[in-house]
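[1] One predicted model, sequence on top.
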Amino acid sequence: MTAPEVSLWQYLRREGLGVPFRKQHPFGAYVLDFYCAPLKLAIELDGSQHIERADHDARRTAFLNEHGVEVLRFWNNDVMQKIDGVGQVIIEAIRRRSADLSN
């Protein structure tokens, strides 16, 4: 795992978000950085190499969306410098996905 992935993994575990996340989870032909199966919520961290791979990332996200998976993408530097803001976006997605599943 990269340093940003380790940092986010520690945050997810420390915050006790009430839902299980797996790291490096296989899904189809892809490996997701973090995945919450009950909510079908994926978290992907992107470094500068993803600027050049935008088409690949778009195809990957489209595939996941077609299978009901919501994808949250964050830049590595945001995880390292603004973990609380990243965490708030994740918490909001968890609440929204949980509410959608209960309806």
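    Everything's here; your move.
[2] Centre-most residue in the protein?
    The residue lying closest to the centre of the chain (Cα atoms, centre = their mean) is I43, at 0.5 Å.
[3] Does the closest residue to that one other than its chain neighbours lie in a helix or a strand, and which?
    Computed as Cβ to Cβ, 6 or more residues apart in numbering, the closest residue to I43 that is not its neighbour in sequence is F34, at 4.1 Å. Every C-beta, even on glycine, is put in place using the N, C-alpha and C of the backbone. According to DSSP states H and E, F34 maps onto strand 30-36.
[4] packing partners for the helix or strand that comes right after that strand?
    Under the assignment DSSP H and E, the closest C-terminal helix or strand after strand 30-36 is strand 41-46. Contacts defined by 3 or more Cβ pairs under 8 Å, 6 or more residues apart in numbering; DSSP states H and E place strand 41-46 against helix 3-15, strand 30-36, helix 54-66, strand 70-75, helix 76-81, helix 83-102.
[5] Same list, those, but as JSON lines with distance to Q24 and mean neighbour count please.
    Below are the helices and strands packed on strand 41-46 laid out as JSON lines (distance: least, Cβ to Cβ, whole Å; neighbours: other Cβ atoms under 10 Å):
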{"stretch": "helix 3-15", "distance to Q24": "9", "mean neighbour count": "15"}
{"stretch": "strand 30-36", "distance to Q24": "6", "mean neighbour count": "19"}
{"stretch": "helix 54-66", "distance to Q24": "15", "mean neighbour count": "13"}
{"stretch": "strand 70-75", "distance to Q24": "15", "mean neighbour count": "17"}
{"stretch": "helix 76-81", "distance to Q24": "16", "mean neighbour count": "16"}
{"stretch": "helix 83-102", "distance to Q24": "17", "mean neighbour count": "14"}
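[6] Output these in TSV, with distance to R22 and mean pLDDT appended to each entry.
    Shown next, in TSV, are these (distance: least, Cβ to Cβ, whole Å; pLDDT from 0 to 100):
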stretch	distance to R22	mean pLDDT
helix 3-15	10	91
strand 30-36	5	96
helix 54-66	15	90
strand 70-75	15	96
helix 76-81	18	95
helix 83-102	14	92
